[in-house]
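Undergrad: take a look and give me a structure for this.
(one chain, ligands or ions: 1)
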Amino acid sequence: MPPSPTDASAVAVGPLSIATLLEALTRQLRQAGIQSPAADARHLVGAALSLDRAGLLAERDRPPTAAELAAIDPLVRRRLKREPVSRILGRREFWSLDLHIDASVLDPRPDTETVVQAVLGHVVDRHARYTVLDLGTGSGCLLLALLSELPAAIGIGVDIRHDAAACARDNARRLGLADRALFVVGDWGKAVLGENVHIMVTNPPYVAGSEIDTLMPEVARFDPHVALDGGEDGLDAYRALAPQVAHLLRPGGIAAVEVGQGQASSVAELLSRHTLAIAEVKADLAGVDRCVVAQNRVGMRSETG
Ligand code: GLN
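TA: Coordinates of the predicted model:
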């Protein structure tokens with residue numbers, strides 16, 4: 001039977017070196033409509049062979065062994081079904097931290113680093129003993145990035161899913177941050193005592209429910225829908241969060257809230273209905289307004305400086 005175009009083992013025929021294998025896989029991924037086929041092929045082959053980029057280059061002229069081909073094949077098949085490389089490998093770099101991810105958590109995006117930048121831009125003293133709260137923590141990416149930058153801070157990450165809280169806890173342990181991070185299961189901030197938080201962050205679900213199926217298959221099929229679905233207009237989570245933000249922050253405390261494209265003014269308006277003043281709307285690297293920073297009533301400097 002002739003090999004089908006999606007049969008990764010088809011590349012095992014012909015004059016084969018690691019370099020030609022990478023080229024063949026790149027072509028195959030490109031034909032399947034995958035956006036970064038060369039990098040993806042390199043990551044998958046590198047993971048199967050335990051070689052980094054330099055290692056792949058150094059060994060490019062030798063043929064892969066049968067065992068190596070057998071290890072590569074299932075990874076490529078998963079990618080052809082549009083599973084993201086990060087999920088296939090179970091890890092994602094965020095804010096230079098190596099995070100483990102699993103099916104229970106949103107795959108952290110580079111856009112979300114805007115939230116970390118926004119917070120750090122408002123922090124007066126990086127060595128102060130801040131309390132940080134991350135609502136809907138998922139992999140723990142936001143909280144752990146902040147704890148890595150604020151060495152005296154402690155933090156709580158809340159997630160509605162037990163398995164997500166466990167994933168975040170595991171990341172904290174691996175990154176050496178477990179003694180400053182607590183992960184609990186809860187419905188947004190309901191389980192957290194009020195008026196104690198210096199810095200609140202959240203990347204809530206904000207995609208309009210009816211739009212989820214129009215997102216890239218990597219997102220629509222593989223990110224947990226509870227982390228994407230923001231209800232009919234995408235703003236349900238912000239409606240639930242806005243009164244809690246005001247209640248949870250100490251006077252002068254700040255909340256940095258990720259928003260979807262086009263949502264910044266609506267979210268700012270929702271937050272402004274409570275005792276919150278909008279301090280900044282920060283754009284991501286693509287120039288999209290990505291993070292709304294709100295401050296609780298009085299100046300941050302007096303409370304957290
Ligand atoms: N940024 C994600 C996306 O649009 C959505 C994440 C979220 O809803 N918080 O792919």
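Undergrad: other residues contacting stretch 227-247?
TA: Stretch 227-247 is contacted from outside by 105-106, 135-136, 138, 188-190, 194-195, 200, 202, 204-212, 215, 219, 255, 257, 259-260, 263, 266-267, 270-271, 273-276, 294, 296, using Cβ atoms under 8 Å, 6 or more residues apart in numbering. From N, CA and C alone the C-beta is placed, and that goes for glycine too.
Undergrad: between the two ends of it, what distance do you get?
TA: 23 Å (Cα to Cα, to the nearest Å).
Undergrad: identify each buried residue in that stretch, please.
TA: 227-231, 234-238, 240-247 (16 or more other Cβ atoms under 10 Å).
Undergrad: what do you get for stretch 160-174?
TA: 161, 164-172.
Undergrad: also stretch 74-94?
TA: Per 16+ other Cβ under 10 Å, stretch 74-94 contains these buried residues: 75-76, 78-80, 82-88, 91-92, 94.
Undergrad: if we check the ligand, which of those residues are in contact?
TA: Among these, no residue sits close to the ligand (Cβ under 6 Å from any ligand atom).
Undergrad: got the residues of the stretch 151-300 of the chain near the ligand?
TA: Residues of the stretch 151-300 of the chain lying near the ligand (Cβ under 6 Å from any ligand atom): 203-207, 215, 219, 228.
Undergrad: and those residues, which are buried?
TA: 203-207, 219, 228.
Undergrad: closest one to S50 out of the residues you listed, please.
TA: Nearest to S50 among these, counting by Cβ to Cβ, is V219 at 28.7 Å.
Undergrad: so where does that closest one fall, helix or strand?
TA: Take DSSP states H and E as the rule and V219 turns out to sit in helix 217-220.
Undergrad: roughly how far apart are R273 and Y238?
TA: 11 Å (Cβ to Cβ, to the nearest Å).
Undergrad: repeat that for S148.
TA: Taking Cβ to Cβ, one finds S148 at 27 Å from Y238.
Undergrad: next one: S17
TA: 53 Å.
Undergrad: what do you get for N196?
TA: Counting by Cβ to Cβ, the gap from N196 to Y238 is 22 Å.
Undergrad: that older thread, let me know the closest of the buried residues of stretch 74-94 to the ligand.
TA: P84 (11.1 Å; Cβ to the nearest ligand atom).
Undergrad: what sits against the closest one?
TA: So P84 contacts 107, 218, 222 (Cβ under 8 Å, 6+ apart).
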